[in-house]
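Participant: Just a sequence and a predicted model for now, questions to come.
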Amino acid sequence: MTRLSVNINKIATLRNARGGDNPNLVQVAKDCERFGAQGITIHPRPDERHIRYQDVFDLKKIVTTEFNIEGNCQEQKFIDLVLANKPEQVTLVPDVLGQITSNHGWDTIANQDYLKYIIATFKSAGIRVSIFVDPVPEMVAAAATTGTDRIELYTEAYATNYAKGKEQAIAPYVKAAKVALQYGLGINAGHDLDLHNLNYFVENIPGLQEVSIGHALICDALYYGLENTIQMYLRACANAK
């Protein structure tokens, strides 16, 4: 079974909109785990528009499943934050300052030397490393020489093209996953996966270990309730190859 990590950024966005502590991020994380989530993901950004730096320390104290911190490792504050909290996994994303959401993977060829350095930094602290990549075989192959433990396949293109033809939409991801397995890399995935396209992705990507889902899951929870929604996503994750 592919593991489900719930990204709670949008809960923090809702909290911050009123400047108080409702909803309480720590309680939501506890509830997500209680409802079956197998991990909690956060993506702190420098402007703290959703996850605040203090949230990371607060969540580290209570998360009992896998704690996954995503972010731009080219920011020293992010590096320090991760090293201070030592999550089970850090996911390295090539964001730029002010970016609304992640929109591309690493160029693992052009950034090879830097990735080797920063991955070694986190791994020396005992943190598993995953790096965000597009479904391009050459980029996956180059990721394997950086020292990373896993890749996270950036799935926006799959989600965008799913309704136009799911077989064609998933084909590059199948190829990329096969390359990753050939090189011994673990495989995660995320971005715009939802209840419409998740199960097909899980069924067809070999070796898929984890999906990180936030925006769609929180939106669905407005209609179905958080507990029921998490269960729906878990069922969609149940057919991993």
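Facilitator: Here it is on my side, so go on.

Participant: check which helix or strand covers the spatially most central residue of the chain.
Facilitator: With distances taken as Cα atoms, centre = their mean, the chain has Ser212 as the residue nearest its mean C-alpha position (4.1 Å). Taking DSSP states H and E as the criterion, the element that holds Ser212 is strand 208-213.

Participant: ok, that strand: who's next to it in the sheet?
Facilitator: According to DSSP bridges, strand 208-213 forms sheet pairs with strand 3-7 (parallel), strand 186-190 (parallel).

Participant: Show me the contact partners of the first one.
Facilitator: By Cβ atoms under 8 Å, 6 or more residues apart in numbering, the list of residues contacting strand 3-7 from outside reads 32, 36-43, 66, 68, 70, 190, 209-215, 217, 230, 233-234, 237. Glycine gets a C-beta too; all of them are placed from N, C-alpha and C.

Participant: residues of the helix or strand following that strand that come out buried?
Facilitator: Going down the chain from strand 3-7, the next helix or strand is helix 9-18, by DSSP H and E. For helix 9-18, a neighbour-count test (16 or more other Cβ atoms under 10 Å) marks Asn9, Lys10, Ile11, Ala12, Arg15, Asn16 as buried.

Participant: Check stretch 48-63 too.
Facilitator: Buried, per 16+ other Cβ under 10 Å, within stretch 48-63: His50, Ile51, Arg52, Asp55, Val56, Leu59, Val63.

Participant: contacting residues around the nearest residue to Ile11 once chain neighbours are set aside?
Facilitator: Once flanking residues are discounted, Ile11 sits nearest to Val28: 4.9 Å by Cβ to Cβ, 6 or more residues apart in numbering. Val28 is in contact with Ile8, Ile11, Leu226, counting by Cβ under 8 Å, 6+ apart.

Participant: count of neighbours near the first one?
Facilitator: Yep, that's Ile8 we're talking about. Ile8 has 27 neighbours, counted by other Cβ atoms under 10 Å.
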